[in-house]
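>>> here's a sequence, model it:
(4 chains)
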Protein chains: 2
Amino acid sequence: MEKNLKKRETMHRLCAKGLEIFHEKGYYNTSLDDILKELELSKGAFYHHFKSKEDYFISIIQNLVVQKVYALLVEPLNMQENPLPAILDTLQNALEPGKRNEMAYGFMLNDFLTEFNKRNEEISTYLKDIIKVWEVNLVSVLKRGKLDGHIARHIDCEGVATYIIASYLGIRSLFMDGNTKQLKYQYVQQLRHYFSSIAERNVMA
Amino acid sequence: MEKNLKKRETMHRLCAKGLEIFHEKGYYNTSLDDILKELELSKGAFYHHFKSKEDYFISIIQNLVVQKVYALLVEPLNMQENPLPAILDTLQNALEPGKRNEMAYGFMLNDFLTEFNKRNEEISTYLKDIIKVWEVNLVSVLKRGKLDGHIARHIDCEGVATYIIASYLGIRSLFMDGNTKQLKYQYVQQLRHYFSSIAERNVMA
DNA sequence: CCTTAAACCGACCCGCCAGTCGGTCTGTTT
DNA sequence: AAACAGACCGACTGGCGGGTCGGTTTAAGG
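The predicted structure follows:
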């Protein structure tokens, strides 16, 4: 059964490198040969494992992107009892420059989302589903926070989630022009102000 | 001098239609022939007026996009004395579906920004400059608002501007999946909460 | 071993599209 | 009306890149 292992290994190498380069240069701006050259693999190897470039990218989304979103943006939401600081910490961490050689700058959802919008409906759908998952989790954490008295009763949790997601995607857009340190600081600062306006009137960490 | 008129007219038709289609389908996903076909012009005509596709798009940015940003996002900022409601109204209006057959959904900065990021540095620079202009104007309006006692004294106006821009770009990203009405409502609602947290403590319209 | 099927190779095909170029048509100038 | 220039035409080129396919290597099973 070593053949099977080889297969997995090669597919995994392809996906990992693919995500890295697609994220770096964009999907449409990256040719398969770009990726294949780096891995010293051939066209033949690629098409043995994937039926098309599109199919390949969908694999990447489902195997890697989904996991990363969970690990980076969903799971940390439940690390604290009070959702507002939990969300703040999560986002702050997600904007941190990549540690241990992982994908620099935490995330790429926005780039892919706009790249595929109106160009490839199927891939767009997969990406939107990921956002949806994030949103659903945000909402549930926020609602729990409302029940626990951390968030004011009149607040619309769905609206808050939408607004958080929007601001996060947007700040990631702005990250491209270098001054990430300051942008991140400003973002977190203002997010704090915003959160203070929807928190239940006692204290806000 | 009718020749000169003809030239202007053709160039203008090219730019207008170009912006429309580039915005609709993306720059790299639109071939010149796509545009030329709709205008019933030829390759020859095109290259008589512009030296490349890139040069063409830069013309579009400088002639049309800049103006639209001014008209839609900068000028309305000074329509009211209190900057926070002014900004709110401006953004709300900018998210309004296009009236009188103009470009649907107000704006496209984010799409272009991410499309050209890492693919064409020159064009990216032009786009970033536009954002910068918007930012500068936001900051100046905010600072004036602080002097006039509408905004709390400890607030960082640059940070606020960044956060506003981020959230706007982000909500525009989310607009692609259809439910714009609700998204817009949620966005404006939360923006109001945020603004209430940075306003000087009297009233907030 | 020898067979079989898998993983893998790489030359090739083909459509797409930015850009070229020789030519035509039309209005302006003298 | 002749000469010129600028607007426009459209067939063509060349490179890029996704996808194909016949062949070769490798490892599992008999």
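>>> for the rest of this, base every contact and every neighbour count on C-alpha atoms.
Fine.
>>> quick one: low-confidence parts of chain A?
A:1-3, A:98-106, A:202-205 (pLDDT under 70).
>>> quick one: name the residues of it near DNA strand D.
By the criterion of C-alpha under 7 Å from any atom of the strand, the positions of chain A lying close to DNA strand D are A:1-3, A:28-33, A:43-44, A:47, A:51-54.
>>> any idea which of those is closest to DNA strand C?
residue A:44 (2.8 Å; C-alpha to the nearest atom of the strand).
>>> CA atoms only: put the strand or helix carrying that closest one into CSV for me.
Of the helices and strands defined by DSSP states H and E, residue A:44 is found in helix A:43-49. Extracted as CSV, the C-alpha positions of helix A:43-49 are listed here (Å, rounded to 0.1, in the frame of the first residue of the first chain):
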residue,chain,number,x,y,z
LYS,A,43,1.8,18.1,-16.3
GLY,A,44,1.2,14.4,-16.4
ALA,A,45,1.5,14.0,-12.7
PHE,A,46,-0.9,16.8,-12.1
TYR,A,47,-3.6,15.5,-14.4
HIS,A,48,-3.2,12.1,-13.0
HIS,A,49,-4.4,13.4,-9.7
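>>> buried sites along that helix?
Residues residue A:46 are the ones in helix A:43-49 that count as buried (16 or more other C-alpha atoms under 10 Å in any protein chain shown).
>>> next structured bit after that helix?
Following helix A:43-49 in sequence, per DSSP H and E, is helix A:53-60.
>>> is that next one anywhere near chain B?
No - using C-alpha under 8 Å from any C-alpha of the partner chain, we find that helix A:53-60 stays clear of chain B, coming within 15.7 Å at best.
>>> next one: that helix to chain centre, how far?
Offset of helix A:53-60 from its chain centre (C-alpha atoms, centre = their mean, to the nearest Å): 17 Å.
>>> what residues does it touch?
A:15, A:16, A:18, A:19, A:32, A:50, A:123, A:126 (C-alpha atoms under 8 Å, 6 or more residues apart in numbering or on different chains).
>>> of all the residues in that helix, which ones are buried?
A:56, A:57, A:58, A:59, A:60.
>>> mind putting those into CSV with distance to residue A:107?
Listed next are those as CSV, based on distance: C-alpha to C-alpha, whole Å:
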residue, distance to residue A:107
A:56, 20
A:57, 16
A:58, 17
A:59, 18
A:60, 14
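>>> is residue A:28 in a helix, a strand, or coil?
Following DSSP: H, G, I helix; E, B strand; the rest coil, the label given to residue A:28 is coil.
>>> run a quick neighbour tally on it.
Neighbourhood size, residue A:28 [other C-alpha atoms under 10 Å in any protein chain shown]: 14.
>>> now it: phi and psi?
Backbone torsions for residue A:28, taken as degrees, to the nearest 10, come to phi -70, psi -20.
>>> identify the residues contacting it.
Per C-alpha under 8 Å, 6+ apart, neighbours of residue A:28: none.
>>> state the pair within the residues of chain A next to DNA strand D that is farthest apart.
Maximum pairwise distance in these, criterion C-alpha to C-alpha, is 37.1 Å, between A:1 and A:29.
>>> many thanks, we can stop here.
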